[in-house]
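**Student:** Quick one, fold the following:
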Amino acid sequence: QVQLVESGGGLVQAGGSLRLSCVASGRAFGSYPMGWLRRAPGKEREFVAAISPSGGEKLYGDSVEGRFTISRDNAKNAVYLQILRLNPEDTAVYYCATGWGTSAVGYEYWGQGTQVTVSS
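**Tutor:** Next up is the predicted model:
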């Protein structure tokens, strides 16, 4: 069992940046991959980024366009998502989850999400 808690979301103006955090408890954090996914209003969940247990391998969604960076600190049981040059299309609830791959079906444990709202 793994518990995940996201933070760092909020209201930001277009062009700004955010750093989302996710802290895990339960099973040994350094033993499993982690991902970030998001759900925009009226849309399906979308893969954003994933990172391997050691942090040596990373995946990014097609819509990321080089603005997103995923990282992790296994000593702190934490995974992060740095987002640059935010635009209104990034408005969504961002979830961290345990797992790997570009589809939501590849993820097992999910946090409650953190809302990111980008104003134009």
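**Student:** Spell out which helix or strand contains residue 19, please.
**Tutor:** In the assignment (DSSP states H and E), residue 19 maps to strand 18-26.
**Student:** Each with direction, which strands does that strand pair with?
**Tutor:** Here strand 18-26 has these sheet partners by DSSP bridges: strand 2-7 (antiparallel), strand 78-83 (antiparallel).
**Student:** what about the last one, average pLDDT?
**Tutor:** Which is strand 78-83. The average pLDDT for strand 78-83 rounds to 98.
**Student:** How is residue 89 assigned, secondary-structure-wise?
**Tutor:** Using DSSP: H, G, I helix; E, B strand; the rest coil, the structure places residue 89 in helix.
**Student:** got the contact list for it?
**Tutor:** Shown in contact with residue 89 (C-beta atoms under 8 Å, 6 or more residues apart in numbering): 40, 118. Any C-beta I mention is one placed from the backbone N, CA and C, and that applies to glycine too.
**Student:** Could you pull out the strands in this protein for me?
**Tutor:** Using DSSP state E, the strands found in the chain span residues 2-7, 10-13, 18-26, 34-39, 45-51, 58-60, 68-73, 78-83, 92-99, 107-110, 114-119.
**Student:** how much space between the most centrally placed residue in the chain and residue 51?
**Tutor:** Nearest to the geometric centre of the chain sits residue 36, at 2.6 Å (C-alpha atoms, centre = their mean). Separation of residue 36 from residue 51 (C-beta to C-beta, to the nearest Å): 9 Å.
**Student:** go on, residue 65?
**Tutor:** In this view, residue 65 and residue 51 are 18 Å apart by C-beta to C-beta.
**Student:** What's the local residue count around the nearest residue to residue 9 once chain neighbours are set aside?
**Tutor:** Take residue 9 and drop its neighbours on the chain: the residue closest to it by C-beta to C-beta, 6 or more residues apart in numbering is residue 114, 3.4 Å away. By the criterion of other C-beta atoms under 10 Å, residue 114 has 22 neighbours.
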